[in-house]
Every structure is written in structure tokens, then in C-alpha cells.
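Asker: got a sequence here, can you build the structure:
(chains A, B, C and D)
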There are 2 protein chains.
Amino acid sequence: MNKLDESLLTGLPPFSRLERPQIREILDQATPKRHDEGAEVFREGEEADRFFLLLDGYVRVVRTTPTGDQMVLRHIAPGQLIGIAPALGRTTYPATATAASEALTLAWPTRLWPGFVTRYEGFATETWATLGRRMQELNDHLAELATKAVEQRVASAVLRMVNQTGRKVDGGIEIAFPVTRANIAEMTGTTLHTVSRLLAAWEKDGIVESRRKHIVVTAPHRLVLLSGAGG
Amino acid sequence: MNKLDESLLTGLPPFSRLERPQIREILDQATPKRHDEGAEVFREGEEADRFFLLLDGYVRVVRTTPTGDQMVLRHIAPGQLIGIAPALGRTTYPATATAASEALTLAWPTRLWPGFVTRYEGFATETWATLGRRMQELNDHLAELATKAVEQRVASAVLRMVNQTGRKVDGGIEIAFPVTRANIAEMTGTTLHTVSRLLAAWEKDGIVESRRKHIVVTAPHRLVLLSGAGG
DNA sequence: TCCAGTCCTTGCGCTGGATCAAACTGGGAA
DNA sequence: TTCCCAGTTTGATCCAGCGCAAGGACTGGA
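Answerer: Numbers count the residues shown, from 1 in each chain, chains lettered A, B, ... in the order given. Okay, here's the model as predicted:
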């Protein structure tokens, strides 16, 4: 079995305060895995027997309601932990995680979690901070959904993706992974039809350019205005 | 200064595994405070210099958007911790907490938090579990807001209050603290007008009875049906 | 007892977006 | 090259729920 390179973890917040031997130790217990686009990393309700670090690619976290509608809760960028149910005393995953693009993860068995928290300096702190940030985002998202109109919500959703995962291309900032109109609809509680119309209108106004599954924001500031300055 | 009685804390989850001397120690560092109905316990954005235990009464957690609209995030029942920003590595409160009815709290300075976590067995675990539950509820709420229609959302909101804080009275279950139509509107992202109409309709159908600021649910099962079986 | 401030109700018209329906397009499989 | 399908566009219609407006009723204080 190939040894994983230590550089994979250095610099990532949860592990940034650790020395080489500890990193080595952590890596030796990890199982790397490649996920095709669209493949499930873990599924809502399943026993949470592993937690993951996303090394490369993007992951979409989705929730399905009893009535079958889907809701995209968040996107995860490389370098972040996912499936950290054990941190919150849960035994099952609260949502489903799918690879939004081809993705690479490391996985550890959940039983190692308590050891990570106590053994590795900074790991616990960073994890709580991450959780705090996610909770904050959740609150923001909630307030947005409850108070803003559809156009503002869609603008916010696009901006959120751009901020978290955008990369510069000629003429604007591109969302770094494939997104469909339906995905955006599921992030904002609307329909793909409405999203399509909005993007078309924005394109005519020179705010975005979009080809199939790809969105380039050419005038972020104008999108911010449309979003109602919330974020 | 009067000593606080140890029975105040015994049995409450965060402290349930502790012995008398530890409880004593914790109480001796606490500051009790009474809050009139409508008074702020802490305010969004303020420096989080204290965390609280709600001993009696109910607290409403509210978020205000940049545009001035309000959103009620949750209600807290007696026995729960609030203002636990420090647990998530935050230095300011993420939302405003207001006494929904006359309330009694104990407060500790934030600097004691790390000590609580390390010194007191079960405190950390219980806190993470609480956070996990809140995160779960936030997810549920989000999915609900994104996918359900107004009537279902209002039904869910009423049920949530009933489940968390309901007390039996003759002919039904009553929400244990004052709630206005406007409050419910802010929980569900609608207007007080719509809430008023819905309650009126439900009252005609014999599902609820409501007087000013008071709601009694007489047919919870029917409300569950209306809510779309989500929660 | 009266008053003022909240809170609640109800009617009406309008519209943002959902829903329904249909056609188009680009890209991958074969 | 062709076919197929997921993803997208666009039109037409409809209605849930918002906004506006006005009036009513309960409550605590003076």
C-alpha cells in the first residue's frame, strides 16, 4: 500500500498545529477514496461510521424531506471536514453528501474521533469553530429564506458559491464545479424555471454568462446589489 | 448574599453527572437575574462576555436582517443553556435573546467556559449534543421553509412550540408562553395577516382555540396532518 | 371610568412565482 | 454519424398569499 504524502494535510486548519510524526500517524489511519461526479459520499440516516476530509473536488450536502423534495444545504470546498456527526453526539448522518465534481476524500473510522479531539492540539478548537461558522451560515440562510424574495435569494446563492469556490477566468469569476438550474432552485426553495428565467435576464443585463452547468459572474457587485446586500 | 440552592441544577442534563461540591462550586460563580417579559437577555453582535442557563420562563431567539426584518429562530425552554457562543469559538452573540415571558437566568462569565468543559464531567458531551440537536432543528426548519407552503409551515411552527413547551389544560395543550400572530409570522416567513386567517380557519374547524397571545391546540393530530407530517 | 397602546380580524385587489406544456440544444454513447 | 437524454428555455395560465386599509377588542395604567 502506498503511503500518503504528508503534504496532503499540512496547512489545513484542523491539522495546522501538528508536527510531522502526528500527521504521519493520522495519515496512516486514513483511507483515501475517489468519488465520481454524482456519487454519494454518505447518505442521510446511515450509521455515521466514518468521518471525512475533502482533499479535492467539491461536495454537495443535500437533505430530502419526507415528501421527497430536496434541499441543497451547502457546498463543501477542499480542505474541509465532512460527516462530522460524531462531534455533535449523533450516530447517523443528518444529510446526504454527493460529489458535485469528481472528488477525493480521506476517511477515518468514527471510533477514532474522541482520540483526535484529545490527542491533537488545535483539532478540537478548529472543529468547533467550523461548526460555529456553519451554524452561522445556517442562520443566515434561514433568515434569507424567510424574508427575501426569490431574485434576492438566487443572487445570494450564486454569490455564496462564487465566494466559497470561485476562480478567476477571463471576464469574470467562475463557479468551480458543475451547477444546474435545478441545483440552484434546490438551494433557494424555488423552481428551475424561475432560476432559468432569472439567469437569462441577468445574462441580458451583462451580470452573468452561463453555459450548460457552468456559471461565470461578470459583474459581482451588481449581483450583490440584487441580493439585497445580505451576503 | 444569599446562596443559591443546589437543587436548582440537579437533574439538568449539563450538570447531571456532577457531585454536590462541584454543583456548589458552579453555583457560587453564577449570577442570577430576573428578566421582565420582553427584556433582552443579550443582543446580536454584542461581545459574548457571559453564557446563561435558563432556570424559569421562556426565551425567544431572534435575528434581525440588515433590512430590518426579524426572524424568530427558536424558543428556549427552562433548563437549557443559552448564549453558548464561546463553545463555537465565537466572540459575539449571533442572535438576540428576549424573554418571551418573565424569566430567570443564571449567568457565568465566558472566561469560565473552558474550565467548565474540562473540569466537569458530562458538561462538554451534553453541550455538543445540544448543539447537534439545534443544528438538526435548523436543518429541518430550513428544508421546511424551502419546500412547504405557508399553512404547513405555520402548523409546524405551532406544533414545535407545543412539543417543546406545551402543557395540558382542559380540552387541549396550551403553549406555555405568550405568542402573538406577528411572532408566528416571524417564525415562518409570512405575515401576521396570513397567520391570523389560518388560526381563524383552524378555530372554526375545532383544531385550535386562541385568545389574545394564547393558543390552545385542541386537535394536535389534525395539526400534524396539516403540517405535512414533517415535524 | 376612561384612555392609549397593543393586538387581532377581515375584506379586496393584485402580482410574484408556481404549474403546466412544449420545444430546443449540446454532449456523450454506441 | 446518429441518437438519446439531461439540462435548458420560453410561453401561457392560475392562484396562494402579500399589501393595503379599516375597524374591532382586550388590557393595563391613570
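
Asker: any idea where the helices of chain A begin and end?
Answerer: A:20-28, A:113-119, A:123-147, A:150-165, A:181-188, A:192-204, A:220-226 (DSSP state H).

Asker: do you know which of the ones you listed lies nearest B:Val72?
Answerer: B:Val72 lies closest to helix A:123-147 among these, at 9.1 Å (Cβ to Cβ). C-beta: built from backbone N, CA, C; applies to glycine.

Asker: how about that closest one and chain B, any contact?
Answerer: Yes: judged by Cβ under 8 Å from any Cβ of the partner chain, helix A:123-147 and chain B are in contact via A:125, A:128-129, A:131-132, A:134-136, A:138-139, A:141-147.

Asker: show me which of those residues are buried.
Answerer: Buried members of the residues of helix A:123-147 next to chain B, scored by 16 or more other Cβ atoms under 10 Å in any protein chain shown, are A:128, A:131-132, A:134-135, A:138-139, A:141-147.

Asker: could the residues you listed be laid out in CSV, adding distance to DNA strand C and pLDDT?
Answerer: Converted to CSV, those look like this (distance: Cβ to the nearest atom of the strand, whole Å; pLDDT from 0 to 100):
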residue, distance to DNA strand C, pLDDT
A:Trp128, 36, 94
A:Leu131, 30, 95
A:Gly132, 31, 95
A:Arg134, 25, 95
A:Met135, 26, 96
A:Leu138, 21, 97
A:Asn139, 21, 97
A:His141, 16, 97
A:Leu142, 17, 97
A:Ala143, 16, 97
A:Glu144, 12, 97
A:Leu145, 11, 98
A:Ala146, 13, 98
A:Thr147, 11, 97
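
Asker: can I get these in a markdown table with distance to A:Leu106?
Answerer: As requested, these are exported to a markdown table (distance: Cβ to Cβ, whole Å):
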| residue | distance to A:Leu106 |
| --- | --- |
| A:Trp128 | 21 |
| A:Leu131 | 19 |
| A:Gly132 | 23 |
| A:Arg134 | 20 |
| A:Met135 | 24 |
| A:Leu138 | 25 |
| A:Asn139 | 30 |
| A:His141 | 28 |
| A:Leu142 | 31 |
| A:Ala143 | 34 |
| A:Glu144 | 33 |
| A:Leu145 | 33 |
| A:Ala146 | 37 |
| A:Thr147 | 39 |
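
Asker: give me whichever of the helices of chain A is most buried.
Answerer: Comparing the helices of chain A by mean neighbour count (mean count of other Cβ atoms under 10 Å in any protein chain shown), helix A:181-188 comes out on top with a mean of 23.

Asker: list the contacts for A:Glu209?
Answerer: A:Glu209 sits next to A:Gly171, A:Gly172, A:Glu203, A:Ile215, A:Val216, A:Thr218 when contact means Cβ atoms under 8 Å, 6 or more residues apart in numbering or on different chains.

Asker: got the confidence number for the third one?
Answerer: When you say that, I think you mean A:Glu203. Listed pLDDT for A:Glu203 reads 97.

Asker: pretty sure it sits against A:Val216.
Answerer: No: using Cβ atoms under 8 Å, A:Glu203 is not in contact with A:Val216, being 10.0 Å away.

Asker: what is the burial count for A:Pro109?
Answerer: Other residues near A:Pro109 come to 12 when the count uses other Cβ atoms under 10 Å in any protein chain shown.

Asker: contacts only, for it.
Answerer: Contacts for A:Pro109 (Cβ under 8 Å, 6+ apart) come out as A:Gln29, A:Asp49, A:Arg50.

Asker: can you pull up the bridge partners for the last one?
Answerer: In this structure, A:Arg50 bridges to A:Pro109 when assessed by DSSP bridges.

Asker: distance of it from DNA strand C?
Answerer: 29 Å (Cβ to the nearest atom of the strand, to the nearest Å).

Asker: that residue touches A:Leu81, doesn't it?
Answerer: No: between A:Arg50 and A:Leu81 there is no contact under Cβ under 8 Å: 11.5 Å.

Asker: burial count for the closest residue to A:Asp49 other than its chain neighbours?
Answerer: Spatial nearest neighbour of A:Asp49, chain neighbours left out: A:Thr110 (5.3 Å); criterion: Cβ to Cβ, 6 or more residues apart in numbering or on different chains. Other residues lying near A:Thr110 total 17 when counted by other Cβ under 10 Å.

Asker: and A:Arg43, by the same measure?
Answerer: By other Cβ under 10 Å, the residues close to A:Arg43 number 14.

Asker: what does chain A put close to chain B?
Answerer: Going by Cβ under 8 Å from any Cβ, the residues of chain A near chain B are A:63, A:65-67, A:69, A:71, A:73, A:85, A:87-90, A:94-95, A:125, A:128-129, A:131-132, A:134-136, A:138-139, A:141-147, A:186, A:188-189, A:228-230.

Asker: so chain A: which segments form each domain?
Answerer: Domain assignment for chain A by automatic domain parsing gives A:6-137, A:148-226.

Asker: wait, A:Thr10 sits on A:Gln22?
Answerer: No: A:Thr10 is beyond contact range of A:Gln22, at 11.1 Å (criterion: Cβ under 8 Å).

Asker: tell me the pLDDT at the closest residue in space to A:Arg43 that isn't next to it in sequence?
Answerer: Distances taken as Cβ to Cβ, 6+ apart place A:Thr96 nearest to A:Arg43, at 4.9 Å, with adjacent residues excluded. For A:Thr96, the pLDDT comes out at 97.

Asker: thanks again, I'm all set now.
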